[in-house]
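Trainee: 3D model of this:
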Amino acid sequence: MSFFFKKFRSFTLIELLVVIGIIGILASLTLAVIMEVRDRGKDTRIQTSLAQVRFEAALIQSRDGSYTNLCDGSNTLNDTNDNLLIIENDVRKFIGSDPDCYVNVDGQSYCVQSDLIRGGVYCLDSTGYAGTDATNCAAGNISCH
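Mentor: This is a model prediction of the structure:
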């Protein structure tokens, strides 16, 4: 009958604290990686949304003969165009501000840029450039590079 009464050894407090500490360290490392991946995904979404501006700009150019109607007076995308409004709202959802949009005086070139979550700026222009290693486009510099 003595085999029914086995002696069970329990964990000590130190062993439990060590296990809890290891789990805490692994959880914090995992959370940091998840946050980095999430921010990288948001940056990719911003870049993808801004890439759609190129298609809208081509439609505006073919319809009007210039890019003048791509931007509005406040140097943002022309939100009277439904497709540009969707792009603008999508970027605003992630970064909290509208993308900057500039067209030169004769309407023959443009540049559009937005800040990214992880820092830096994504810029695209009428020369076909799109990337993050660019100088900022502005009213006096209708180009990303």
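
Trainee: Checking residue 10 next. Helix, strand or coil?
Mentor: Taken by DSSP: H, G, I helix; E, B strand; the rest coil, the conformation at residue 10 corresponds to coil.

Trainee: That one and residue 101, how far apart?
Mentor: Applying CB to CB, to the nearest Å, one obtains 67 Å for the distance of residue 10 from residue 101. Quick note: C-beta positions are derived from backbone N, CA and C, even for glycine.

Trainee: and if you look at residue 144?
Mentor: Using CB to CB, residue 144 is found at 12 Å from residue 101.

Trainee: again, but for residue 9
Mentor: Residue 9 is 70 Å from residue 101, where distance means CB to CB.

Trainee: between the two, who's got more neighbours?
Mentor: Between residue 9 and residue 101, residue 101 has the larger neighbour count (other CB atoms under 10 Å), namely 24 against 6.

Trainee: Give me the buried positions along stretch 55-70.
Mentor: Within stretch 55-70, the residues that count as buried by 16 or more other CB atoms under 10 Å are 56-57, 60-61, 66-70.

Trainee: tell me the mean pLDDT for whichever helix in the chain runs longest?
Mentor: Using DSSP state H, we find that the single longest helix of the chain is helix 13-64. Mean per-residue pLDDT for helix 13-64: 94.

Trainee: what's the following helix or strand after that helix?
Mentor: For helix 13-64, the following helix or strand on the C-terminal side (DSSP states H and E) is helix 82-95.

Trainee: now the angle from that following helix to helix 13-64?
Mentor: Counting by axes from the mean of the first three to the mean of the last three CA atoms, to 10 degrees, helix 82-95 lies at 160 degrees to helix 13-64.
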